[in-house]
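> Model the structure of this input:
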Amino acid sequence: MARSRKIKAGDGRRARVILRLAKGESYQRIMLLEGCGSEFITRWRKRFEAERLAGLYARHRGRIVSENVLSLEAQILSATQQPPPDGSTHWTTRKLARQLGVSHSRVARVWAQAGIQPHRLRRYMASNDPQFEEKALDIIGLYKKPPLNAAVFCVDEKSAIQALDRFDPVLPLSPGRAERHGFEYYRHGTLSLYAALHTASGKVIGHTAARHRSAEFVAFLEQLLACLPQEQAVHIICDNLSAHKTKAVFRFSGPPPQPTHS
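Numbering: from 1, shown residues only. Down below sits the predicted model:
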C-alpha cells in the first residue's frame, strides 16, 4: 500500500505511518516526514492494532445527499427524456441547463452518473414475421452450437461500391504531412462485394462482381463450396434480399421444405 501509485493518497500515507512506527521511528520524525499530527498517528495506530489492514481504510463515506439534490437530479433526468421545445434533435448540457436554470456542469455530472448520452442513437428493425422467434432461434443455434462437422457461413454483400481511378498520383505520407490524393478521378462504374465469414475460424472469403443479381450470388456460393470438402455439410446465413430467394438459388441449395432467413 505504501508503494502503490494507484490507491488514494490518504491510504498510502496511513500505510507509511504504520511502517515507520514498526521501524521504531519517533512521533516527531513521522510528523515531520508525513506532514501529520500526533493525533493522526495515534488514531491510526490504535485502529491498525485492533483491526489490522482493515483498520487503515477511512471510515468517512461522504456526506449524505440532501433531498433537494435528489429532486433536482430526478428533474434533470426527466427533462432529458423529453424532446427539446425548440425543435432541435437532442439536448446539450448547456441547452438543458438554461431550460432548468442550473449549471451545465451539474447536468453533465447527472448524465455521466446515469450513463446518458443524448447525442448518440442506435437503430433497430421490428419484424412482422409471425415465425420470427422460431427462425431467430434456428440462426442463433447455428452460431452458438453448430452441427458437428458442418461449416457455417455468414454471407452478406455491399453493392454500389464506386470503382474510382485517380488522375493524379497518390503522394505518400511524410513527417508532418498526411497521405494526399488528387481531387479529380475517373469513375469506372460500380462493383458489388460478396463476403462470407466462416464462423468457426473467423476467415473471410470475398468476391467482387460487376452486377448484383442472383446469378452472381450463386456464382459466389459455388466459389465458397469449392473451398470445402465435398462431404461436409454447409449452412449459409443471409438476409432477406430478393436476390437470395430466387428459383436459381433454391435449385442450387436443394429443395428445402421452408427457406429460413433472418
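> Trp91 - nearest residue in space that isn't next to it in sequence?
When the adjacent residues along the chain are set aside, Trp91 lies closest to Pro118, with 4.8 Å between them (CB to CB, 6 or more residues apart in numbering). C-beta coordinates here come from the backbone N, C-alpha and C atoms, glycine included.
> isn't the one you found right next to Gln81, touching?
No - look at Pro118 against Gln81 with CB atoms under 8 Å: they stay out of range, at 9.3 Å.
> Please say which of the two ends up with more neighbours.
Pro118 (16 against 9; other CB atoms under 10 Å).
> so how far is Val107 from that one?
The gap separating Pro118 from Val107 is 10 Å, by CB to CB, to the nearest Å.
> Over to Val152?
Distance, Val152 to Val107, by CB to CB: 47 Å.
> now swap in Lys135 and tell me
Applying CB to CB, one obtains 44 Å for the distance of Lys135 from Val107.
> The two: which is more packed in?
Per other CB under 10 Å, whichever of Lys135 and Val107 has more neighbours is Val107, with 26 against 16.
> show me the contacts for that one.
76, 93, 96-97, 100 (CB atoms under 8 Å, 6 or more residues apart in numbering).
> Could you confirm it falls within a helix?
Yes - residue state for Val107 (DSSP: H, G, I helix; E, B strand; the rest coil) corresponds to a helix.
> dump the residue contacts of the residue nearest to it when sequence neighbours are not counted.
The spatial neighbour of Val107 that comes closest, neighbours along the chain excluded (CB to CB, 6+ apart), is Thr93 at 4.5 Å. With contacts defined as CB under 8 Å, 6+ apart, the neighbours of Thr93 are 104-105, 107-108, 111.
> One more pass at 6 Å, please.
104, 107-108 (CB atoms under 6 Å, 6 or more residues apart in numbering).
> would you turn these into CSV with pLDDT?
Compiled in CSV, the contacts of Thr93 are given as follows (pLDDT from 0 to 100):
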residue, pLDDT
His104, 95
Val107, 95
Ala108, 95
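> What is the nearest of these to Asn68?
Taking CB to CB as the measure, Asn68 lies nearest Val107 of these, at 16.1 Å.
> picking up where we left off before, give me the secondary structure label for the residue nearest to Trp91.
Following three-state DSSP, Pro118 is assigned to coil.
> That one and Val110: what is the separation?
Pro118 sits 12 Å away from Val110, taking CB to CB as the criterion.
> in this structure, which spans are helices?
Using DSSP state H, the helices of the chain run over 9-23, 27-34, 38-51, 67-80, 93-100, 104-114, 132-144, 214-226, 247-253.
> Relative to Leu241, which of the ones you listed is closest?
Nearest of those (CB to CB): helix 214-226, 8.3 Å.
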